[in-house]
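Student: This is the structure alone, sequence omitted:
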């Protein structure tokens, strides 16, 4: 039994609790007690060696307190993010409504933006300024629910044998899975389209603001109360003219056009966000106590011998500390931003001409690592800046597509006299009418608001970090 105890002690996993082997009362003796004590000493000695060389790290009381502080900092960042999103939504909604009406109705064509703002304030009550918001909130919540169910279903589906080779552990039939993804997205638009349409009609003041949500009967497709009409076959189903009939109906369908525009807007904003966030600076607040002392061991262990110094990188750096061995300013790592561009140390965009091989002359510079916070609070201003910039740029680029959708929607209710032309009804020149005022509203109104909100976000995040989490001023 004594030999077995030593063999188990030598072959146990790192930091296995040093407890004596269970035995019957009849086996206890002075010799076995000595064996168990030696086993404890041997395990403790091996744990000390492993901790010394850096293979394993022991969590001290100070590190546990720092972990709790990081958790509290992440919670504070999530709370500030929720407050910031709510304020941005409430403050931006009246301006978005004014911009939508500017690019739809002819009555605003010769008015200055200041006059439009004054007219909107005089004509509307407080409820009128926020008309369409309840339906849009329901539309957003329904979209979030659909996205969650959609992602959960696809994650389960891609692990099935039809899409995953169990032997090679590789995915297959990617085109089929991609088609299923878009089919689900298109099918779900049948459910959310009545909310989207009702919200835009209220923004354009074509539906009373008191009617918060569309009728329940409008959610049943292809009925008399639904805004979605079934395909028509005027020449018969098997007629040679049927493809042309279906094509003309698809082009004139507000349902299909809105699905296309919303998909294009979402993809554009997602792409621009991930591109912009790579070029924004990292949260370079002076590292506080939490950041400096969070490294349980040095970032590297240098062993000097007969030759040049050898730098052995060690693992175990906490996830809320991002280090830059080149002394450059990396991109703030966020949960949604990919690593690449300026943030990737191996990419040509991130290093430029300073990407030189490691030499003994640069080893001291390499060991002076820059440490950055990587919490939801520290990266919140960067995330807000990238989100606002992506939204503003996508609105400016896709303004023409948005105008076509709104004008088509309004023309179906009030006719052609009050609404601007689209490319299909008046040509390109007529479709560009009113765009000067629209871009003024976009630049002066919404971009100015976004900049002011970002400045407020930056100030509040810095104050909270300095006041409660040891940020440098």
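Tutor: Arrived safely, thanks for sending. Note that the structure is predicted; figures quoted are calculated from it, not measured.
Student: three-state assignment of residue 162?
Tutor: coil (DSSP: H, G, I helix; E, B strand; the rest coil).
Student: if I look at it, how far off is residue 384?
Tutor: 41 Å (C-beta to C-beta, to the nearest Å). The way it works is simple: take the backbone N, C-alpha and C, and place the C-beta from them, glycine included.
Student: And for residue 199?
Tutor: 24 Å.
Student: what are the phi and psi angles of residue 228?
Tutor: phi -100, psi 120 (degrees, to the nearest 10).
Student: what does residue 170 give?
Tutor: According to degrees, to the nearest 10, residue 170 has phi -130, psi 150.
Student: In contact with it, which residues?
Tutor: residue 164 (C-beta atoms under 8 Å, 6 or more residues apart in numbering).
Student: follow-up on the earlier one: could you check which of residue 162 and residue 384 is surrounded by more residues?
Tutor: Comparing residue 162 with residue 384 by other C-beta atoms under 10 Å, the one with more neighbours is residue 384, at 22 against 11.
Student: quick check, that one in a helix?
Tutor: Yes - per three-state DSSP, residue 384 lies within a helix segment.
Student: and stretch 153-163, which residues are buried?
Tutor: 158, 163 (16 or more other C-beta atoms under 10 Å).
Student: er, stretch 31-50 I mean
Tutor: Buried residues in stretch 31-50 (16+ other C-beta under 10 Å): 32, 35-36, 39, 42-43, 46-47.
Student: One more: stretch 185-201?
Tutor: 185, 188-190, 192-201.
Student: Which of those residues fall within strands?
Tutor: Among the buried residues of stretch 185-201, DSSP state E puts none in strands.
Student: got the residue ranges for the helices in the stretch 1-150 of the chain?
Tutor: For the stretch 1-150 of the chain, the helices defined by DSSP state H, counting those that start in this stretch occupy 2-11, 30-53, 61-102, 113-123, 126-129, 133-157.
Student: three-state assignment of residue 217?
Tutor: helix.
Student: about what we covered before: highest average neighbour count across the helices of the stretch 1-150 of the chain?
Tutor: Burial of these is given as mean neighbour count (mean count of other C-beta atoms under 10 Å); helix 61-102 ranks first at a mean of 17.
Student: Show me what that helix is packed up against.
Tutor: Under the contact definition 3 or more C-beta pairs under 8 Å, 6 or more residues apart in numbering; DSSP states H and E, helix 61-102 sits against helix 113-123, helix 126-129, helix 174-203, helix 289-292, helix 380-397, helix 435-440, helix 448-468.
Student: rank those by pLDDT, which is bottom?
Tutor: Lowest mean pLDDT within the helices and strands packed on helix 61-102: helix 289-292, a mean of 35.
Student: Could you chop this structure up by domain?
Tutor: 1-57, 100-108+243-279+374-472, 131-224 (the TED database).
Student: Generate a markdown table for those domains, with distance to residue 116 as supplementary columns.
Tutor: Formatted as a markdown table, the domains of the chain follow (distance: least, C-beta to C-beta, whole Å):
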| stretch | distance to residue 116 |
| --- | --- |
| domain 1-57 | 62 |
| domain 100-108+243-279+374-472 | 6 |
| domain 131-224 | 14 |
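Student: nearest to residue 69, of those domains?
Tutor: Nearest to residue 69 among these is domain 100-108+243-279+374-472; the distance by C-beta to C-beta comes to 6.7 Å.
Student: Span of that closest one from start to end?
Tutor: One end of domain 100-108+243-279+374-472 sits 43 Å from the other (C-alpha to C-alpha, to the nearest Å).
Student: cool, and stretch 441-456?
Tutor: 22 Å.
Student: Quick one: residues in contact with that stretch.
Tutor: By C-beta under 8 Å, 6+ apart, stretch 441-456 touches 84, 87-88, 91-92, 95-96, 98-99, 102, 113, 116-117, 381, 384-385, 388, 391-392, 395-396, 399.
Student: Apply 10 Å and report the result again.
Tutor: 84, 87-88, 91-92, 94-96, 98-103, 108, 113-114, 116-117, 381, 384-385, 387-389, 391-393, 395-396, 399, 435 (C-beta atoms under 10 Å, 6 or more residues apart in numbering).
Student: What of stretch 88-96?
Tutor: By C-beta under 10 Å, 6+ apart, stretch 88-96 touches 99, 117, 120-121, 124, 126, 128-133, 136-137, 140, 203, 384, 387-388, 391, 395, 441-442, 444-446, 448-450, 452-454, 457.
Student: run the last query once more with 6 Å
Tutor: For stretch 88-96, contacts defined as C-beta atoms under 6 Å, 6 or more residues apart in numbering pick out 129-130, 133, 445-446, 453.
Student: Distance of residue 215 relative to residue 225?
Tutor: 6 Å.
Student: Ignore what I typed, I meant residue 136.
Tutor: As defined by C-beta to C-beta, residue 136 lies at a distance of 21 Å from residue 225.
Student: Equivalent analysis for residue 113, please.
Tutor: 38 Å.
Student: same question, residue 446
Tutor: For residue 446, the distance to residue 225 - C-beta to C-beta - is 35 Å.
Student: Among the two, which residue is more densely surrounded?
Tutor: Neighbour count, other C-beta under 10 Å: between residue 446 and residue 225, residue 446 has more, with 21 against 12.
Student: What's the per-residue pLDDT of residue 24 here?
Tutor: 52.
Student: repeat for residue 83
Tutor: Reported pLDDT for residue 83: 93.
Student: now do residue 65
Tutor: Reading off the model, residue 65 has pLDDT 69.
Student: next one: residue 254
Tutor: 91.
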